[in-house]
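Trainee: I would like the atomic coordinates for the input below:
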Amino acid sequence: MTLLAVDQEKCRRDGICTTVCPVGIITQKSEQDFPQLIEGGEELCIHCGHCVAVCPHTAMSHQSVPAADCPPVNKDWLLSPEQAEHFLRNRRSIRVYKDKAVPREVLARLIKIARHAPSGHNRQPVKWLVVYSAEDVQRLAGMVIDWMRHLIKEQSPLVAMLHLKRVVAGWEAGIDPVNRNAPHLIIAHGDKEDSTVQTSGTIALTYLELITTAFGLGACWAGFFHAAALFWPPLQKTLKLAEDQIICGAMMVGYPRFKYHRQPVRKEPEISWR
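Mentor: Residues are numbered from 1 along each chain as shown. Now for the predicted structure:
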């Protein structure tokens with residue numbers, strides 16, 4: 001098939017696909033004509049699938065986004081504003097986990113859901129590294145502590161800013177303030193030269209964190225680990241990522257040991273109107 005295929009038996013020539021195309025490569029000369037690609041459209045297409053997803057008649061298919069591979073929207077599952085707000089407010093950063101591994105297929109499903117996060121120009125640049133072994137997660141936490149000890153020795157301004165002496169003292173007392181004894185660590189990374197990868201990785205990890213709730217799991221951003229992974233060569237060497245890769249962030253994942261029963265309030269947002 002060509003890049004786009006229009007089922008002329010189903011197409012109502014309503015122009016919806018031409019209107020929503022983000023890069024404006026679908027045209028319709030008149031109400032009597034069927035939609036088609038503009039000249040050079042193949043090179044400009046970002047393969048987002050909007051044209052397939054928006055057609056109410058299943059008349060459009062795309063070479064890399066076949067209509068048959070795109071499940072329909074289940075209207076009965078769409079959240080009301082109240083349900084969506086409840087879901088988002090119910091999110092908690094989980095820092096206390098059960099000593100229980102999450103099945104690999106569940107973690108893989110989380111990542112497959114997170115891949116649907118938006119990315120600039122639909123580049124989908126995020127790659128994933130799963131540190132599955134709880135022992136390896138702890139070993140990496142110890143390397144983060146080594147980085148903190150180095151910063152303390154070098155009298156870095158980060159020591160006071162991030163209370164690193166307290167973090168190290170907690171570790172030495174048998175507490176894990178770095179990876180929180182989480183059973184798993186999921187790392188998002190991508191090409192250093194891709195200007196979209198940091199933002200795309202952050203959004204994808206946010207999707208990942210949110211969806212864990214629906215699986216009875218919990219997650220927390222591994223900020224200390226992320227910082228160390230950016231600046232501490234021994235940790236970088238251990239992760240064995242290619243030199244052209246950069247870490248966008250990391251997420252602790254596991255089964256929460258406790259349930260939360262209230263939704264804490266937040267400070268009022270500061271809003272400016274123009």
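
Trainee: for residue 127, phi and psi?
Mentor: In terms of degrees, to the nearest 10, the main-chain angles of residue 127 are phi -120, psi 160.

Trainee: Now do the same contact list for it.
Mentor: Neighbouring residues of residue 127 by Cβ atoms under 8 Å, 6 or more residues apart in numbering: 188, 189, 190, 245. No exception for glycine: its C-beta is placed from N, CA and C like everyone else's.

Trainee: do that again at 7 Å, thanks
Mentor: Shown in contact with residue 127 (Cβ atoms under 7 Å, 6 or more residues apart in numbering): 189, 190.

Trainee: partners of it in the sheet?
Mentor: residue 189 (DSSP bridges).

Trainee: what about it, distance to residue 173?
Mentor: For residue 127, the distance to residue 173 equals 36 Å [Cβ to Cβ, to the nearest Å].

Trainee: got the contact list for residue 171?
Mentor: Contact analysis of residue 171 by Cβ under 7 Å, 6+ apart lists 145, 177.

Trainee: Pick out the residue closest to the middle of the chain.
Mentor: What sits nearest the mean C-alpha location of the chain, by Cα atoms, centre = their mean, is residue 204, with 1.3 Å.

Trainee: check contacts around it.
Mentor: 114, 115, 117, 126, 188.

Trainee: For the residues you listed, which single residue is the most surrounded?
Mentor: residue 188 (27 neighbours; other Cβ atoms under 10 Å).

Trainee: Which strand in the protein has the most residues?
Mentor: Ranked by residue count and defined by DSSP state E, the top strand of the chain is strand 245-254.

Trainee: That strand pairs with which strands?
Mentor: For strand 245-254, pairing defined by DSSP bridges yields strand 184-191 (antiparallel), strand 218-221 (antiparallel).

Trainee: For that strand, give me every contacting residue.
Mentor: Contacts for strand 245-254 (Cβ under 7 Å, 6+ apart): 97-98, 102, 107, 126, 179-180, 182-192, 197-198, 201-202, 205, 208-209, 212, 217-222, 225-226, 229-230.

Trainee: Now do it: distance to the chain's middle.
Mentor: Taking the mean of its C-alpha atoms, strand 245-254 sits 10 Å from the chain's own mean (Cα atoms, centre = their mean, to the nearest Å).

Trainee: what are the ranges of the helices in the stretch 1-150 of the chain?
Mentor: Secondary structure of the stretch 1-150 of the chain (DSSP state H, counting those that start in this stretch): helices at 16-20, 41-44, 50-54, 81-89, 104-114, 134-153.
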